[in-house]
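Participant: Just the structure for this:
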Amino acid sequence: MRGSASTGQTLWLVAALATGCATPGVVRGPSPSAPSLLGAQWTGTASWYGEPHHGRPTASGETFDKARLTAAHRTLPFGTRVAVTNLDNGRAVEVRVNDRGPFVAGRLLDLSEGAARAIGGIGAGLIHVRIRVVALPEGTDTAAGKPPPH
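Facilitator: Numbers count the residues shown, from 1 in each chain. Below you'll find the predicted structure:
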């Protein structure tokens, strides 16, 4: 069919619009895209998710468990460990990125219910946080923050 988008192009476009990405490989907003992710930090808003997603697959392929200390991030590699500090009360937790999101503009991170509970963010819904990359998954190029080519 001439002039129509393939399924792959359509899926890319939907993903690009959902993440605010207008060009492949270009990420807009507070998500990191710069080199040297290890030790990088950002301040902003986090939200949390739980029951409706409990038991469903995450973007990484593992099953979401609302009680585990995990998070969704738009661009950090799966397996990245992030320290999250609630700036309203000083409580902190370390989480592992295993999902993609948040898909609401202006949010840095979606925390699992367990992680939000650990930093006292359940009642608030939205949490003013600082996030800092503390570890990248094994096999990740720490200089570029990307997995090495296969």
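Participant: Do a quick rundown of the strands in the chain.
Facilitator: Read by DSSP state E, the chain holds these strands, from start to end of the chain: 41-49, 70-72, 81-86, 92-99, 107-112, 127-135.
Participant: can you redo those as TSV with distance to residue 57?
Facilitator: Heads up, the C-betas are built off the backbone N, CA and C, glycines and all. Converted to TSV, the strands of the chain look like this (distance: least, CB to CB, whole Å):
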stretch	distance to residue 57
strand 41-49	14
strand 70-72	13
strand 81-86	21
strand 92-99	9
strand 107-112	14
strand 127-135	24
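Participant: how much space between the closest residue to residue 113 other than its chain neighbours and residue 36?
Facilitator: Distances taken as CB to CB, 6 or more residues apart in numbering place residue 50 nearest to residue 113, at 3.4 Å, with adjacent residues excluded. Between residue 50 and residue 36 the computed distance is 33 Å (CB to CB, to the nearest Å).
Participant: So between those two, which is more surrounded?
Facilitator: Summary of the neighbour comparison: residue 50 and residue 36, criterion other CB atoms under 10 Å, with residue 50 having more neighbours (17 against 12).
Participant: start to end distance for stretch 97-108?
Facilitator: Stretch 97-108 has an end-to-end distance of 12 Å (CA to CA, to the nearest Å).
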